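*Asks:* dropping the sequence and predicted coords here.
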Amino acid sequence: MELGPYVPLESTNCRLESFLGFGSFGYVFQGVNERGKVSAVKIIFVETSGRTPEEQEAEKHRLSREYKLIAGKKHDNLVEILKSTHKPFTVEDIQALLDIPCIQDRDDIRATLRYRLFQAEEKKQIPTLSIQMELCGKTLRHWLNINNEVDNPNLRSVRRNIVKDMYDGLKYLHLNKIIHRDFRPENIMFSFSSNGEEFEFPVKVGDFGLCRRVHSEYTVTETLTPFVGSVTYRAPETNFTDYSIPADLYSFGLVSWEILQVIKQKDTRSMFHRLVHDSQNHLVIGADWWFPRWAELIIQLTKRRVQDRIQGCEDRLLMGALRSEITVESHKQFSAIQDFLVPGYIVNINIKDKASKFYYFKVDHVTFNGVNALSLQHLSNVICDQMDIDGDGNQLINIETLHMGEAVGNSGFGISIWGDNNILESFKCCNILAKVMENHERSILRQSVDWEAFAQRFGPICIYLSKSSESCIIKNANLRNAFISGARHGLLDIECNNVIQINGLDHSTKNLDAVNLIDNSKRSLIRLDFYKN
Ligand SMILES: Nc1ncnc2c1ncn2[C@@H]1O[C@H](COP(=O)(O)OP(=O)(O)O)[C@@H](O)[C@H]1O
Ligand SMILES: [Mg+2]
């Protein structure tokens with residue numbers, strides 16, 4: 001990016017370096033402070049022409065009051081407001097904005113800035129509100145322009161996560177008795193990513209320029225201005241002065257519909273009109289496994305009459321549909337969610353088809369829950385071959401793998417775990433190709449080997465805990481081979497009809513029933529109780 005001369009903004013303690021966007025009220029620039037920390041700065045010129053000084057003062061007050069509502073509120077799914085200040089802009093200040101190189105080809109923006117320059121020349125300076133906020137990536141409108149041209153099934157989980165993030169941000173505002181009043185794709189931002197990714201999660205609700213406080217969820221404290229917000233996404237009751245949280249939910253419903261049903265921007269207005277005013281509910285097509293009940297949800301969020309609409313975040317349909325829980329019933333569906341699970345998700349696995357698959361989940365704090373586990377006859381919920389968990393705090397409950405593997409050599413694992421505090425509970429692995437040792441007496445072997453040699457000797461490994469893993473729990477498992485490394489794991493109620501090799505430090509075991517156990521683990525010399533006094 002071409003950097004221009006820094007424009008000093010004394011009041012926000014930061015200098016502007018490039019142009020980010022232009023909305024209905026302000027110019028948004030990227031700023032950087034003396035320590036190199038980046039932020040976004042929105043500059044709003046207070047309208048002076050045709051206004052008395054008192055009116056200008058009232059406007060300044062109104063603009064900053066709205067931002068003060070949000071300042072200090074912090075949520076992953078809201079653009080954070082850092083500071084806001086009134087500093088009048090002089091002719092020199094505006095000239096410096098005009099000189100920033102990246103707007104040189106933006107005639108539209110330069111024309112509006114020239115008009116401000118003209119005003120400043122007349123009046124010496126223009127009252128201005130500058131709002132410094134967290135720097136974000138691109139807007140949801142940018143994303144939709146790229147991704148709503150064709151329906152790419154691989155993006156389903158992304159669509160679902162966008163809707164969920166937007167809702168979590170909006171819900172936080174509503175719980176704080178704030179209505180947004182301008183909820184639309186232009187005001188939803190992706191996160192800033194230092195590696196240049198334009199559409200990084202989490203998604204954040206931004207542009208609080210029209211926010212207002214509500215006293216209860218049904219009435220507003222003060223008279224609201226009719227007709228605010230964008231026409232396309234605006235609830236019908238906003239034509240009158242009495243509206244509240246359901247008006248935001250209406251806009252949220254339409255934006256969600258546009259995302260989930262892949263509606264092209266040119267079709268939005270007519271589609272929205274037909275759904276809302278002609279009640280053509282059949283336009284909302286299909287609930288699907290990746291977002292159960294969403295069609296019903298969209299219909300209930302976008303009712304024309306406010307009293308027929310979902311009223312607030314405690315609504316059961318809304319809470320139920322946006323719970324972070326999905327059920328996958330095929331390997332195709334299970335693959336589709338691989339890259340987009342986020343912490344907190346519950347994945348119910350009820351896979352009915354038989355396929356040999358390898359899964360890699362780089363996630364934290366996700367629960368994988370086998371719905372029909374441990375019923376090999378029906379082959380339900382069997383994740384064939386291999387599932388790698390690379391992350392912390394995940395739980396795998398009621399999981400069964402049918403780990404074919406190759407009989408010899410590097411055959412992979414049934415389940416392998418590469419992080420800390422993961423729990424594997426009620427697990428069954430049937431790797432039919434594992435060699436059963438000739439000597440089938442319950443013996444304790446001492447020859448420890450690395451996992452490759454182990455697999456060569458005893459066949460495929462059902463559970464592998466890597467050297468880097470710590471404090472994982474394996475509870476109630478039935479398997480042939482296991483290879484345990486790392487530290488401080490808990491192994492409980494395990495039935496192993498072949499070989500378990502345990503390496504590493506400070507594990508605890510209980511009811512470990514293995515035909516052959518190679519225990520190579522150690523206790524650390526400095527015991528924890530040493531520190532107790
Ligand atoms: N925090 C931010 N980080 C990056 N870009 C931003 C940020 N805030 C706004 N933008 C860009 O500027 C545009 C206008 O910002 P917005 O807050 O919606 O202003 P307005 O009140 O004028 O509509 C947005 O659509 C977006 O492209
Ligand atoms: Mg905006």
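*Replies:* Now that the structure is in, tell me what you want to look at. Note that the coordinates shown come from a computational prediction; the quantities given were computed from them, not determined experimentally. Ligands and ions are numbered 1, 2, ... in the order given.

*Asks:* okay, CA-based contacts and neighbour counts for the rest of this
*Replies:* Will do.

*Asks:* what sits against residue 175?
*Replies:* The contact partners of residue 175, by CA atoms under 8 Å, 6 or more residues apart in numbering, come to none.

*Asks:* centroid residue for the protein?
*Replies:* The centre of the chain sits closest to residue 202, judged by CA atoms, centre = their mean, with a distance of 4.0 Å.

*Asks:* for that one, phi and psi?
*Replies:* Main-chain torsions, residue 202, degrees, to the nearest 10: phi -70, psi 160.

*Asks:* correct me if wrong: residue 298 contacts residue 253.
*Replies:* Yes. With contact defined as CA atoms under 8 Å, residue 298 reaches residue 253; the gap is 5.3 Å.

*Asks:* before we move on, the earlier item: from residue 207, how far out is the closest residue to the residue nearest to the centre of the chain other than its chain neighbours?
*Replies:* Once its chain neighbours are removed from consideration, residue 202 has its nearest residue in residue 191; the separation is 5.9 Å (CA to CA, 6 or more residues apart in numbering). With the distance defined as CA to CA, to the nearest Å, residue 191 ends up 14 Å from residue 207.

*Asks:* equivalent analysis for residue 251, please.
*Replies:* For residue 251, the distance to residue 207 equals 15 Å [CA to CA].

*Asks:* same thing with residue 256?
*Replies:* 18 Å.

*Asks:* residue 91 too?
*Replies:* In this view, residue 91 and residue 207 are 27 Å apart by CA to CA.

*Asks:* if we can go back for a sec, in this structure the residue nearest to the centre of the chain contacts residue 164, no?
*Replies:* No. The criterion here is CA under 8 Å, and residue 202 misses it with residue 164 at 9.7 Å.

*Asks:* quick one: residues contacting the closest residue to ligand 2 within the stretch 51-200 of the chain.
*Replies:* When distances are taken as CA to the ion, the stretch 51-200 of the chain approaches ligand 2 most closely through residue 187, which lies 4.8 Å from it. With contacts defined as CA under 8 Å, 6+ apart, residue 187 is in contact with 139-140, 205-207.

*Asks:* how close does residue 429 get to ligand 1?
*Replies:* 48 Å (CA to the nearest ligand atom, to the nearest Å).

*Asks:* which residues does that residue bridge with?
*Replies:* Here residue 429 shows beta-bridge partners residue 401, assigned using DSSP bridges.

*Asks:* give me the neighbour count for it.
*Replies:* Using other CA atoms under 10 Å, the number of residues around residue 429 comes to 28.

*Asks:* read off the pLDDT value for it.
*Replies:* Per-residue confidence for residue 429 comes out at a pLDDT of 81.

*Asks:* next, count neighbours for the closest residue to residue 95 other than its chain neighbours.
*Replies:* In space, residue 95 comes closest to residue 117 once its chain neighbours are excluded; the distance is 7.0 Å by CA to CA, 6+ apart. When neighbours are counted by other CA under 10 Å, residue 117 registers 24.

*Asks:* again, but for the one 4 residues further on
*Replies:* Using other CA under 10 Å, residue 121 has 14 other residues around it.

*Asks:* return the set of buried residues in the strand or helix carrying it.
*Replies:* Remark: residue 121 resides in helix 107-123, with elements defined by DSSP states H and E. Of the residues in helix 107-123, those buried under the neighbour-count criterion (16 or more other CA atoms under 10 Å) are 109-110, 113, 116-117, 119-120.

*Asks:* repeat for stretch 169-187
*Replies:* So for stretch 169-187, counting by 16+ other CA under 10 Å, buried means 169-174, 177-187.

*Asks:* so of those residues, which ones are in helices?
*Replies:* Among the buried residues of stretch 169-187, the members found in helices (DSSP state H) are 169-174.

*Asks:* and those residues near ligand 2, which?
*Replies:* Checking those against ligand 2 by CA under 5 Å from the ion, not one of them is in range.
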